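Asker: 3D, please:
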Amino acid sequence: MQAWLDSLLALLALPQFGLSTLFIVAFISATLLPVGSEPALFGLLKLNPELFWPAVLVATAGNTLGGIVDWWIGYAAHQVADKYSHSKHHMRVLTWLERLGPKACLLAWLPIVGDPLCAVAGWLRLSFWPCVVYMAIGKFARYVTMTVALLYIWPN
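Answerer: Predicted coordinates:
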């Protein structure tokens with residue numbers, strides 16, 4: 001077991017497999033698991049500053065695909081969730097999301113609420129492709145902003 005784990009960690013190690021590792025971390029962090037992809041992006045860029053745009057695009061793609069998985073989970077969970085009653089606060093949030101529509105997915109980059117928001121968008125059966133576009137825009141803006149800020153704070 002230890003040999004298998006060591007070989008897996010070697011395969012995912014930065015910088016040798018940096019972009020693929022970044023993609024996987026960004027994908028996993030967009031699911032409901034509490035993993036942050038910004039440290040992986042920052043670490044890769046500290047080691048390979050010339051990969052700024054490819055790394056941001058790979059992180060955005062991985063995170064957006066994870067958001068798509070969340071959307072489909074929410075879509076599939078719709079039948080199950082209908083069986084349970086909803087609180088007044090819950091219904092107010094759902095009404096707000098329905099009114100905003102796919103544009104609500106611009107907030108998919110937010111910590112804690114962003115990933116469940118993608119699942120709720122699927123649960124509400126908001127239009128798939130507009131949700132994906134808004135997710136990608138929000139996540140791309142987050143990665144560019146966070147990375148530029150971190151590189152500015154720790155330039156060396």
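Asker: got the residue ranges for the helices in the protein?
Answerer: Secondary structure of the chain, counting by DSSP state H: helices at 2-12, 18-30, 38-47, 52-81, 88-100, 114-123, 128-153.
Asker: and the first one, what's its mean pLDDT?
Answerer: This predicted structure assigns helix 2-12 an average pLDDT of 66.
Asker: same question, the third one
Answerer: For helix 38-47, the mean per-residue pLDDT is 90.
Asker: That one relative to helix 128-153, how many degrees between them?
Answerer: In terms of direction (axes from the mean of the first three to the mean of the last three Cα atoms, to 10 degrees), helix 38-47 departs from helix 128-153 by 50 degrees.
Asker: So what's the gap between helix 38-47 and the chain middle?
Answerer: Centroid separation for helix 38-47 versus its chain: 16 Å, with Cα atoms, centre = their mean, to the nearest Å.
Asker: what's in contact with it?
Answerer: 14-15, 18-19, 21-22, 25-26, 51-52, 55-56, 59, 143, 146-147, 150-151, 154 (Cβ atoms under 8 Å, 6 or more residues apart in numbering). Yep, even glycine has a C-beta here, placed from its N, CA and C like the rest.
Asker: Now do that helix and helix 18-30, the angle between them.
Answerer: Going by the same axes, to 10 degrees, helix 38-47 makes 160 degrees with helix 18-30.
Asker: Then the longest one?
Answerer: With the same axes, to 10 degrees as the basis, helix 52-81 and helix 18-30 are set at 30 degrees to each other.
Asker: where does the chain dip in pLDDT?
Answerer: Where the chain drops to pLDDT under 70, the residues are 5, 8-17, 32, 79-87, 89.
Asker: and the spatially most central residue of it, what does it touch?
Answerer: Geometric centre of the chain, nearest residue: residue 30, 2.9 Å, by Cα atoms, centre = their mean. If you count contacts by Cβ under 8 Å, 6+ apart, residue 30 has them with 37, 62-67, 69-70, 108, 115, 118, 139.
Asker: Which of those residues ranks first by neighbour count?
Answerer: Neighbour counts for these, by other Cβ atoms under 10 Å, peak at residue 63, which reaches 32 neighbours.
Asker: Look up how far residue 57 lies from that one.
Answerer: 11 Å (Cβ to Cβ, to the nearest Å).
Asker: wait, what's in contact with the residue nearest to residue 61 when sequence neighbours are not counted?
Answerer: Leaving out its chain neighbours, the residue that sits closest to residue 61 by Cβ to Cβ, 6 or more residues apart in numbering is residue 23, at 6.8 Å. Counting by Cβ under 8 Å, 6+ apart, residue 23 makes contact with 58, 59, 61, 62.
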